[in-house]
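Visitor: Here is the input, now give the coordinates:
(chains A and B)
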Amino acid sequence: MAARILLSVKPFAFKKMLRTMSKHGFHVVTPLLESLGMSKRLGTTTVYLKMENSQPTGSFKIRGVGYMCQNIANVSKPAGVICSSGGNAGMATAYAARKLNLPATIVLPSVTPNLVAQKLKDQGATVKVAGKVWDDANAEALRLAETEGLTVIHSFNHPLVWKGHASIVHELKASLPSKPGAIVLTVGGGGLFCGVMEGLDEVGWAGVPVLCMETVGADCFNAAVKAGDLVTLPDITSKATSLGSKTAIQQAFEYSKRSTVISEVVTDLQALEAIELFLDEERVLVEMACGAALAAVYSGVIQRLQEEGRLPKPLGPLVMIVCGGGGINRALLQHLQTVIRK
Amino acid sequence: ETHRAHTKMLRTMSKHGFHVVTPLLESLGMSKRLGTTTVYLKMENSQPTGSFKIRGVGYMCQNIANVSKPAGVICSSGGNAGMATAYAARKLNLPATIVLPSVTPNLVAQKLKDQGATVKVAGKVWDDANAEALRLAETEGLTVIHSFNHPLVWKGHASIVHELKASLPSKPGAIVLTVGGGGLFCGVMEGLDEVGWAGVPVLCMETVGADCFNAAVKAGDLVTLPDITSKATSLGSKTAIQQAFEYSKRSTVISEVVTDLQALEAIELFLDEERVLVEMACGAALAAVYSGVIQRLQEEGRLPKPLGPLVMIVCGGGGINRALLQHLQTVIRK
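Guide: The predicted structure is shown next:
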């Protein structure tokens, strides 16, 4: 038979993974799809999209959050769970809690779009608003956890969350015939990044380059890499509010020291253009945070890194983690277009 | 038991097709509209090439390649079956020729070429393109890949139901899908019989002006429409297939029609609430919830109340982007 790229999953690995999944989470095995549009732009490199937008609640967050909630429920029956979130981790927490029949409280920073708060209530969660950025909402969540005896579900800074996110890489290992040339993802606080690094170590892909994308004004990870130490941003000024952590997590900073990790930043305009192109070419509407990763191809970051010798040329298959995100619709997209292009 | 069925299915899949097991996701927005019924979306837009077509077409191409090595494959298509054929042929290293009716958006023709296929344009609707494809098959010795009228295509589409059986704790209250020529419908009916769900109601949606199936159901016989006047051009078959008409006689099958405006509103709502952009053809199915067809059928006693879990097959479709959506909005709302 002629050479054929196996995008279907090898049965035995898949079966084992499914058994694990059904005991420890609520996420689905997401499609891994070739993007002809992105592949054309890179020339000889095939680009695969890992469609985390197709998760229950619309983002990859359900992997880590679902895993953590399931583990908590397996150990003891907590009075309830509480989560501070730019929206997506909160949605994942509310969803997992509903599946587990646990009360859920979600604390949101005020920049979160109203539609997100409403969707949280639709999932059965209690919603509280506190502060302007994630750090403020998180402080309130910790306070309420103490006073009301709730279990805190960390949006991104917990080993159980990273372990849950690592499942992405296990799925890639089962789907791809050989290791990727590079993986591209967005960094907010660094939870997805830590999960991916953990997964790469687990499957024997520790040498795979990982390109960490952020936006100007929500670039705490890049700031830490440049400073050689964790940095706390004075404020989040990017429209990619889901990336809104002022400080990267320690574990992410540790991983950033590896030679395989590359940190790059794009503008809000580039992230917006990426959202628009992705909607036209792949027919999926994602948040600005996700656009930051997509811009690595659409705005030529990959190509520039190749020119600079920081990524190989030719480059093996590129895996683009499409993190997704629920805080976007046509009206919000129009608003972003107006504000960013004024 | 679920895992064994799933594993068995995956083994079969990897030998006989190129599709992926698509996500089955709860839609809170749709469930809220129906009240006590949970609505699940079977996200066929997430397939390689953007629609469910790769299931049936991929299965047929794989079978053809397993039996003999054809000179090439040829397909007539409103776009999506052609994309699936081009993709499967590329994976199998077979030359592919796709014949399109002229109503097909340019972006679809370009994407076909990007998949490595040769593209030819013939006629205004699918029937014309198909006649040309059959002619070329004879003169050039190519194997015809049927967009929807072939048992191998139906068998490939039946995999959707096998996935539902592995995913749902109990049988659905109803399944909603769009009917163009009837290939997806035939595959779903075959799948329902295979998994022991033959009693599940199946709601077949079309748009006014691309409603050959509904016309046949009303006439009690196959009907050939004089023309396709709906903007849901992917539904553009003037006659339903015989097998679809046979299945339509079952008491579990319901045929309904919505307007282009309702299909458009459904696309817009789906983009806002589920963040996926689908074709008008897909909007016809989504409108069953968004435009109250389910609710009306319940009032009329044709669907149960309360209704068990509803599975909405989101067929997807590649022939849409922001510019085309704007065009549809202008034309349909003028």
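Visitor: partners of the strand or helix carrying residue A:48, with directions?
Guide: Of the helices and strands defined by DSSP states H and E, residue A:48 is found in strand A:47-51. Its sheet considered, strand A:47-51 pairs with strand A:32-34 (antiparallel), strand A:318-322 (parallel) by DSSP bridges.
Visitor: Out of those strands, which is the most enclosed?
Guide: Burial among these, expressed as mean neighbours by mean count of other C-beta atoms under 10 Å in any protein chain shown, is greatest for strand A:318-322, which shows a mean of 27. Quick note: C-beta positions are derived from backbone N, CA and C, even for glycine.
Visitor: Next, the buried residues of the helix or strand just after that strand.
Guide: Once the chain leaves strand A:318-322, the next helix or strand it forms, by DSSP H and E, is helix A:330-341. Using 16 or more other C-beta atoms under 10 Å in any protein chain shown as the test for burial, helix A:330-341 gives A:330, A:332, A:333, A:336, A:340.
Visitor: Kindly report the same for stretch A:31-45.
Guide: A:31, A:32, A:33, A:34, A:35, A:36, A:37, A:38, A:39, A:41, A:42, A:45.
Visitor: Take those and keep only those in strands.
Guide: Per DSSP state E, strands hold the following members of the buried residues of stretch A:31-45: A:32, A:33, A:34.
Visitor: which residues are contacting the helix or strand where residue A:92 lies?
Guide: Element membership for residue A:92, per DSSP H and E: helix A:88-100. Counting contacts by C-beta atoms under 8 Å, 6 or more residues apart in numbering or on different chains, the residues outside helix A:88-100 that touch it are A:26, A:56-59, A:61-62, A:64-66, A:69-70, A:73, A:80-81, A:83-85, A:103-104, A:106-108, A:116, A:119-120, A:123-125, A:153, A:155-156, A:242, A:324-327.
Visitor: can whichever helix or strand comes after that helix be found next to chain B?
Guide: Under the assignment DSSP H and E, the closest C-terminal helix or strand after helix A:88-100 is strand A:104-108. No: remark: strand A:104-108 sits outside contact range of chain B, by C-beta under 8 Å from any C-beta of the partner chain, the gap being at least 14.7 Å.
Visitor: Could you export strand A:104-108 as PDB, CA atoms only?
Guide: Extracted as PDB, the C-alpha positions of strand A:104-108 are listed here (Å, rounded to 0.1, in the frame of the first residue of the first chain):
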ATOM      1  CA  ALA A 104     -19.200  24.600  42.200                       C
ATOM      2  CA  THR A 105     -18.400  28.300  42.800                       C
ATOM      3  CA  ILE A 106     -16.500  30.200  40.100                       C
ATOM      4  CA  VAL A 107     -14.800  33.600  40.900                       C
ATOM      5  CA  LEU A 108     -14.200  35.700  37.800                       C
END
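Visitor: any idea which helix or strand comes after it?
Guide: For strand A:104-108, the succeeding helix or strand toward the C-terminus, using DSSP H and E, is helix A:114-122.
Visitor: coming back round to it: pick the one among the buried residues of helix A:330-341 closest to chain B.
Guide: Of all the buried residues of helix A:330-341, the one with the least separation from chain B (C-beta to the nearest C-beta) is residue A:330, at 5.6 Å.
Visitor: so who does the closest one touch?
Guide: The neighbours of residue A:330, taking C-beta under 8 Å, 6+ apart as the test, are A:285, B:268, B:271, B:272.
Visitor: Find the residue closest to residue A:123 in space, skipping its chain neighbours.
Guide: If the residues on either side of it in the chain are set aside, residue A:123 comes closest to residue A:94, at 3.7 Å by C-beta to C-beta, 6 or more residues apart in numbering or on different chains.
Visitor: Same question for residue A:306.
Guide: residue A:313 (4.3 Å).
Visitor: How many residues are close by that neighbour?
Guide: Close neighbours of residue A:313, defined as other C-beta atoms under 10 Å in any protein chain shown, add up to 15.
Visitor: Now name the helix or strand holding it.
Guide: Secondary structure here is read from DSSP H and E; on that basis residue A:313 sits in neither a helix nor a strand.
Visitor: distance of it from chain B?
Guide: For residue A:313, the distance to chain B (C-beta to the nearest C-beta, to the nearest Å) stands at 22 Å.
Visitor: isn't that residue right up against residue A:304?
Guide: No: checked against C-beta atoms under 8 Å, the pair residue A:313 and residue A:304 is beyond contact range at 11.3 Å.
Visitor: Now do the contacts for residue A:169.
Guide: In this structure, residue A:169 makes contact with A:195, A:196, A:198, A:199, A:200, A:202, A:203, A:205, judged by C-beta under 8 Å, 6+ apart.
Visitor: any chance of those residues in TSV, plus secondary structure, pLDDT and neighbour count?
Guide: As requested, the contacts of residue A:169 are exported to TSV (DSSP: H, G, I helix; E, B strand; the rest coil; pLDDT from 0 to 100; neighbours: other C-beta atoms under 10 Å in any protein chain shown):
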residue	secondary structure	pLDDT	neighbour count
A:195	helix	98	27
A:196	helix	98	26
A:198	helix	98	18
A:199	helix	98	22
A:200	helix	98	24
A:202	helix	97	14
A:203	helix	96	16
A:205	coil	97	20
